[in-house]
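**Q** coordinates only, sequence not included:
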């Protein structure tokens, strides 16, 4: 840990040194006009492309209108400093506000739909904005564009000089680059990446997915606006044809080429795509055809872009410093439970979920008692997972209600339920595949309403403690996708535990595990039970259920057919019939 | 009256172009859950192939059509192998971007090979159209409308009545289940790409006499066709056709009564409203949530 | 932390590697030119390059400039505004280049204008937006008649020569079309005519029925058009005829390009157009066309013609000035009067506009016939 911190400080110091050096260099060295223009274009574009790093790279949402946001910023500065005769910086502020507002509105209206719809909505916005820029001549000056755009007049016109203005742009790029880089390791940034890797799981773990996506989209638009505003000042002339759909595609290619998941990639991609036409001039008319094939090839062979490719190579060569296990304090599991032993924590009444004519869950009533392990069993297709999805808010019930700690939570969204203290795992493991084991668990620890003392370090230690509880702390820095299936299941449990849930929903935690792993799981469940955690568990495995459950509900064809203590329930004739029936049908198939 | 009738016929005509291209979108979407941003460029390829064969090489028209369809089969297969297949197990995002790359490649490849000058392609029929009172009916629009209806009917019969069609449909509904049932999923997807490339090429041949043949001809139609298919409820064949026709009519009337310069905005505005008010489209998309 | 360091050093490396651009003194006299080699304008860029090179060869054969051979340095402008800015500033970094040939696209020239003003060296341009030579930038010299003249010629020809008073104007909503429309409205006003219809349309329209119906309903007997793309013009012409509209058509140069004739076919028969380059308009033009065809096996068009004239007049001006000083070259260009170029007779005014008139041609059943040349004194 200490070593990492020291490295972090060193990295920041080096970054700051590079920033000061470059900005100073741009400021004090008279550069050729060509270099100034090239750098001006690269740095302002890169700021806009960093916006795509957030929305596409972090949050995994497509944005085919970045040129429109860039244009909003550019036009604000252009018209602000000419038609309205405002100073540069207020115009820039207007541009940022306009672009962010447009991004927010667009995101609010379309991000519930996601995917292809988002692609279409952003294309629509892009097309309409381009039409407005051309046709609303009295406001935008139409297709001629805007001339004589001013630069900041601060300090007696210090920034009107191209070199000084360039230094300003580069400084802005460094600033934005640092913030975007830093964002990744913040709560918001982790939430975005969680949404990207597994939206459903993110919601259940406590991430307000819609809010997170809208925020990412708005931030992306904001940076688009900032880049555009600086661009307009730099080149003193803009025209509508610079902000069309094809420019949005260029922005998109820049971020993908370099690598969307890291700000380094965005800067790399922007620089490359601006320099590439300069280098590839010998290709002449086939240049764009080569460019098109390059896009396909990158998607096929380097889906994470050049930087993503390079850094995955680098990661293989460079092991992280080991985790200091001795420093970890045990997970404060029992903190949230205890006082009112034996009272009801969760109550489902008349709960139904129908898909068309299929009654997956039909009029089910049950209640989970605090500090107990309650199992839900039933043959395949009996509606167990559907019921769990209704409990965690993924499905809205057709009828009935769910109350948690006496409050009706029937209409709450998954992240709101997570916020009130319900954690869960999935039958088919749903982790955030591109994140590290530790980051996965940290997302869980950051659920709403869960306060961890000690800031970022405290949070990390809390997450490590949760990992330690399932025995995976030494692998905290590995990519979660590289773990074995059994370990991934444990990470999922640790992720839920890190949020200190009052109730833990486990969806067939034993599925797909071998005997050794299953024994380990039973042991883990017993330890959890020992800590007094309330658990609602679904499983097939009678052996496992018998060992841990205090109370069992049996579901068949969507209906509850038996309920009671394990010994009672397992002798119940309907249950025996249901299970024997299943055994027979298994034999038949 | 004549004025509005003329607008209506033209709107339906333009709409039939959108509908024809939208069909290709919908098919690929149903099979792969991916939007093919190069669908319009299939039309462009088909049209250019006709220009080369029927005009530059002066081959008979019908032979040229046959060769073009053959070429589109190859194009569809290549497209699947190069653009979709390597990315089949990834999310939709890399695939979308890959098809955007393919679109850039196709347009600029043709540009480099053939030059930027637009070409003209005569219609299969020598008559240009006929007038009824003050209303003029362009015969090519009628041809497009007829071909669209025929293709939809054939497609329906194929998917509902033949084993191969049913297999393709099963693949589009649930790939995992289909492969468990022993359906060669990769082959079915290959066939889908081939079919929609042919459909796109056909659209190109049919619209060329009206819109001429240029490198950008496909992408400007495709964006509208895409909008049309969303209006109709993505993934629904009837919806794509109704959406296409509706878009054509709305655009034409909007241009005549509100503003010509903002013509392209009407379709997208309508799309916006649809996404806000009725995201499932006119006919509703089968939304499947997987937990 | 390492990515952050990389991010930092990446930007730094980018900046440093571009630090200096070296300059070497060379014997031949370098003239810079920006032209599209990539992007949608690549084809027109080839014509521009060929026209300029033809002129360079001739000048060099005749002894060059100030006893030195001309060497053309060409940079690709990618047909985009940022592209032209980069291309021009790259050329501008070479201190040995005394003058430049610029773009034919008006928005590109606007984009490079701030750099041109700062550099203070003459740039020959082909963009026809009138504003370009009227915005206080003394370094632009235009080798095509600006759009004020095309509009005045369309209006003058229609109103005075053909005697038509009921005008419809149809224009693309891009920079070219919108400015053309504005100038045409003003020119008509000067002749006492108020158009009965002014109708814009977006480029790449798939259908022109609403526009054609609007023209029909306006009852106009003559129509002036500024249309940018030939397919648009072809669709419009066909639909106009299909709806039974027969009026006199006087269009911008796009109306009579080879492509337009091929696409629209009979639908454009009988229409008139203004063109700045027509190979039958003068003896000089005929000779140029013959030489061009001999050299490149294609018929020259306006893209080659203006660059050819620009290079010749620039060489002439440097020779007259006997100096490479920008201000002296500038004065020498402005002093050019009565020079017979392939685009017409050049009489530079104080704004830097060399040409003040257009040719009128007619589409006579598919062949282009030269009608008349209209020149203005002011």
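**A** Yep, that arrived. Because the structure is a prediction, the values reported are computed rather than measured. Numbers count the residues shown, from 1 in each chain, chains lettered A, B, ... in the order given.
**Q** Now tell me which helix or strand of the chain has the poorest mean pLDDT.
**A** I'll assume chain A. The weakest-scoring helix or strand in chain A, judged by mean pLDDT, DSSP states H and E, is helix A:573-588 (a mean of 59).
**Q** Look up phi and psi at the residue in the stretch 251-378 of chain C positioned nearest to chain A.
**A** Nearest to chain A, among the residues of the stretch 251-378 of chain C, is residue C:252, at 15.1 Å (CB to the nearest CB). In this view, the C-beta of every residue, glycine as well, is placed from N, C-alpha and C. When read as degrees, to the nearest 10, the backbone of residue C:252 gives phi -70, psi 170.
**Q** go on, residue A:350?
**A** Torsion angles, degrees, to the nearest 10, at residue A:350: phi 60, psi 30.
**Q** how close does it get to residue A:401?
**A** From residue A:350 across to residue A:401, the span is 7 Å (CB to CB, to the nearest Å).
**Q** ok, now residue B:264?
**A** Going from residue B:264 to residue A:401 by CB to CB gives 49 Å.
**Q** Compare these two and say which one has the larger neighbour count.
**A** More crowded of residue B:264 and residue A:401, by other CB atoms under 10 Å in any protein chain shown: residue B:264, with 24 against 14.
**Q** Can you give me every residue that contacts the closest residue in space to that one that isn't next to it in sequence?
**A** Spatial nearest neighbour of residue B:264, excluding adjacent residues (CB to CB, 6 or more residues apart in numbering or on different chains): residue C:202 at 5.7 Å. By CB atoms under 8 Å, 6 or more residues apart in numbering or on different chains, the contact list for residue C:202 reads A:131, A:134, B:260, B:261, B:262, B:263, B:264, C:172, C:173.
**Q** need those in CSV with secondary structure, can you?
**A** Formatted as CSV, the contacts of residue C:202 follow (DSSP: H, G, I helix; E, B strand; the rest coil):
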residue, secondary structure
A:131, helix
A:134, helix
B:260, coil
B:261, coil
B:262, coil
B:263, helix
B:264, helix
C:172, strand
C:173, coil
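**Q** Identify the farthest-apart pair in the residues you listed.
**A** Maximum pairwise distance in these, criterion CB to CB, is 14.0 Å, between B:262 and C:172.
**Q** Please, which helix or strand holds whichever residue of the stretch 1-150 of chain B sits closest to chain C?
**A** Of all residues in the stretch 1-150 of chain B, residue B:10 sits closest to chain C, at 4.0 Å by CB to the nearest CB. Using DSSP states H and E, residue B:10 maps to helix B:2-32.
**Q** Tell me the helices and strands packed up against that helix.
**A** helix B:39-50, strand B:135-138, helix B:139-161, helix B:163-173, helix B:185-211, helix B:217-231, helix B:237-257, helix C:209-218 (3 or more CB pairs under 8 Å, 6 or more residues apart in numbering or on different chains; DSSP states H and E).
**Q** which residues in the stretch 201-350 of chain C form strands?
**A** Residue ranges of the strands in the stretch 201-350 of chain C, as given by DSSP state E, counting those that start in this stretch, are C:222-226, C:248-251, C:272-275, C:337-340, C:345-347.
**Q** Now the terminal residues of stretch C:111-130, how far apart.
**A** By CA to CA, to the nearest Å, the extent of stretch C:111-130 from end to end equals 15 Å.
**Q** returning to what we had before: return the most buried member of the helices and strands packed on helix B:2-32.
**A** Comparing the helices and strands packed on helix B:2-32 by mean neighbour count (mean count of other CB atoms under 10 Å in any protein chain shown), helix B:39-50 ranks first with a mean of 29.
**Q** So is that helix next to chain A?
**A** No. Residues of helix B:39-50 are not located near chain A by CB under 8 Å from any CB of the partner chain, the shortest gap being 10.3 Å.
**Q** tilt between that helix and helix B:217-231?
**A** Compare the direction of helix B:39-50 with that of helix B:217-231 by axes from the mean of the first three to the mean of the last three CA atoms, to 10 degrees and you get 140 degrees.
**Q** In space, what's closest to residue A:350 - neighbours in sequence excluded?
**A** Closest to residue A:350 by CB to CB, 6+ apart is residue A:400, at 3.8 Å.
**Q** related to what we said a few turns ago, of residue B:262 and residue C:172, which one has the most company?
**A** A count of neighbours by other CB under 10 Å puts residue C:172 above the other of residue B:262 and residue C:172, at 28 against 20.
**Q** Please report how far the more buried one lies from chain B.
**A** Noted for residue C:172: a distance of 9 Å to chain B, by CB to the nearest CB, to the nearest Å.
**Q** and if you look at residue C:218?
**A** For residue C:218, the distance to chain B - CB to the nearest CB - is 13 Å.
**Q** With adjacent residues omitted, what lies nearest to that residue?
**A** Leaving out its chain neighbours, the residue that sits closest to residue C:218 by CB to CB, 6+ apart is residue C:197, at 3.9 Å.
**Q** Number of residues surrounding that neighbour?
**A** Neighbour count for residue C:197, taken as other CB under 10 Å: 18.
**Q** Residues of chain C that sit close to chain B?
**A** C:40, C:42-43, C:173, C:199-202, C:204-207, C:209-211, C:213-214, C:217, C:229-231, C:234-235, C:242-244, C:259, C:262-263, C:265.
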